[in-house]
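Engineer: Sequence and computational prediction follow.
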Amino acid sequence: MIAWVLGWSLLAQDPLTVFLDFDGGALTHGEDAAQGQVSCVEGSVEYPAYLGTAAEAAVITDAVRVAFEPFGIRVVDQAPPPYLPRTTVMIGGHSAPLGVADGVNGLACRVDCDDAVPYETVFVFSETIASASAVGAIAAHEVGHSLGLEHVDGAMFVMNGVSTEGGRAFGDSCAPLSERTPTCVSTHAQHCEGMAQDATAELLAVLGPSGAADMPPAIVVHEPVPGAVVVAGTEVVVDIEVTDDHEGVGWQLREDGLQWERTMTGSAEPVALQFPEGEFVVVVEAMDQSGQVTTVEIPVSATRDGRPPPSGGEDTGDDATTSTPMTADGDTDADPTAREDDAGCRIQATGTPAPIWLAMSLGWLAVRRRRYAR
Ligand SMILES: [Zn+2]
């Protein structure tokens, strides 16, 4: 007992968002599940939607939630924001579009020992499965493969490779492995003697328990200073740092009025933006795998001469209007998707931002946090 507690406490335990996708859609070869990419799909596939009722879909969602209830998994049936890494379960159709033999109920691209690839896409071929609760059990089964679990004997277990019954559980004892040559032998051996698998111990090792302490994402705005007044048309460096206490935080920069947004991952290089004349709010929104969201709004005024607009000043308690030189390291990404807004004003990322002068106004930084229901 102590040995395996020590064993899994040494590994990172990171919660996971699992998205049950009932809508189908285009899938292509690749590793980014958030972009509809699947490692074991060659070329592209138009995956069919689920044809059951909304009530049946709710039964499936409930079944997956119940199976993963002890663990740090958030099961959602509405698409997370595109910037959030996630594991996707495509639910619908049958095995033929993926080139898989008839009679197969689901597919995971790999048995992913120790969850080495944290975000993946798996499939449940629901057209050939009798009941919604069985679809839910097979969805949990395929996600189990993506977290490093293998087939076990015992029809009562989710990871049984033969049963098509609903209502199965992962089980918290050492169940005999079905394969003679399992893939993740050393992982199973941390929890069980002989060729056996304790699914609950392994899932806890990878995901941690449900409801474990989990901080919301933290956002640090290096530039621009909130409330900055800039010269319209010059390049403004946006330098943001997003951190979290677990892997898997995703974030986005956007300016709604300009219909500009960019998905960011990890620590991103600064971006240089050009604002036309007007008032803008650059929004930084970050979500972690538990669904906790942190949002920071950075108001920016762009005027012809870089001076505050004449009406300004509801927050003039501190009248220290300081000019701050901004420099950038010039290593920004070119953005081929830069868009134009209705007024024809263009905002884009460019290569080498020039130093500009900002007027600083304190007290504008607004941080909001909210917690999504798990
Ligand atoms: Zn399987």
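Structural biologist: Yes, it's here.

Engineer: Can I get the helix or strand that A140 is a member of in PDB, CA atoms only?
Structural biologist: Taking DSSP states H and E as the criterion, A140 maps to helix 132-146. C-alpha atoms of helix 132-146 as PDB (Å, rounded to 0.1, in the frame of the first residue of the first chain):
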ATOM      1  CA  ALA A 132     -27.100   4.600 -24.300                       C
ATOM      2  CA  SER A 133     -25.700   3.300 -21.100                       C
ATOM      3  CA  ALA A 134     -23.500   0.900 -23.000                       C
ATOM      4  CA  VAL A 135     -22.300   3.700 -25.300                       C
ATOM      5  CA  GLY A 136     -21.300   5.500 -22.100                       C
ATOM      6  CA  ALA A 137     -19.400   2.500 -20.800                       C
ATOM      7  CA  ILE A 138     -17.500   2.200 -24.100                       C
ATOM      8  CA  ALA A 139     -16.700   5.900 -24.100                       C
ATOM      9  CA  ALA A 140     -15.200   5.500 -20.600                       C
ATOM     10  CA  HIS A 141     -13.400   2.400 -21.900                       C
ATOM     11  CA  GLU A 142     -11.700   4.200 -24.800                       C
ATOM     12  CA  VAL A 143     -10.800   7.200 -22.600                       C
ATOM     13  CA  GLY A 144      -9.300   4.600 -20.300                       C
ATOM     14  CA  HIS A 145      -7.000   3.300 -23.100                       C
ATOM     15  CA  SER A 146      -5.900   7.000 -23.700                       C
END
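
Engineer: Give the rounded mean pLDDT of it.
Structural biologist: Helix 132-146 comes out with an average pLDDT of 97.

Engineer: so what does it touch, helix or strand wise?
Structural biologist: For helix 132-146, the elements it packs on are helix 54-68, strand 87-91, strand 106-108, strand 121-124, judged by 3 or more CB pairs under 8 Å, 6 or more residues apart in numbering; DSSP states H and E. Any C-beta I mention is one placed from the backbone N, CA and C, and that applies to glycine too.

Engineer: and the ones you listed as TSV, adding distance to G166, mean neighbour count and mean pLDDT?
Structural biologist: What follows is those, written out as TSV (distance: least, CB to CB, whole Å; neighbours: other CB atoms under 10 Å; pLDDT from 0 to 100):
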stretch	distance to G166	mean neighbour count	mean pLDDT
helix 54-68	6	19	98
strand 87-91	14	29	97
strand 106-108	13	22	95
strand 121-124	12	28	96
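
Engineer: Just put those in a markdown table and tack on distance to E179.
Structural biologist: As requested, the helices and strands packed on helix 132-146 are arranged in a markdown table below (distance: least, CB to CB, whole Å):
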| stretch | distance to E179 |
| --- | --- |
| helix 54-68 | 21 |
| strand 87-91 | 23 |
| strand 106-108 | 14 |
| strand 121-124 | 18 |
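
Engineer: Which one of these lies nearest to S39?
Structural biologist: S39 sits nearest to strand 121-124 of all the helices and strands packed on helix 132-146, at 8.0 Å, using CB to CB.

Engineer: Quickly run through the sheet partners of that closest one, with directions.
Structural biologist: Take DSSP bridges as the rule and strand 121-124 pairs in its sheet with strand 87-91 (parallel), strand 106-108 (antiparallel).

Engineer: and the helix holding A140, how far from the chain's centre?
Structural biologist: Here helix 132-146 is found 20 Å from its chain centre; the criterion is CA atoms, centre = their mean, to the nearest Å.

Engineer: and the residue sitting furthest away from the middle of the chain, which of the three is it?
Structural biologist: Relative to the C-alpha centroid of the chain, counting by CA atoms, centre = their mean, P310 is the outermost residue, at 42.8 Å. Of the three states, P310 takes coil under DSSP: H, G, I helix; E, B strand; the rest coil.

Engineer: Could you check how far it is from A228?
Structural biologist: Per CB to CB, to the nearest Å, P310 is found 17 Å from A228.

Engineer: same check, this time on V89
Structural biologist: 44 Å.

Engineer: returning to what we had before: want to try CSV for the strands paired with strand 121-124, with distance to A67 as columns?
Structural biologist: CSV is the format used below for the strands paired with strand 121-124 (distance: least, CB to CB, whole Å):
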stretch, distance to A67
strand 87-91, 12
strand 106-108, 14
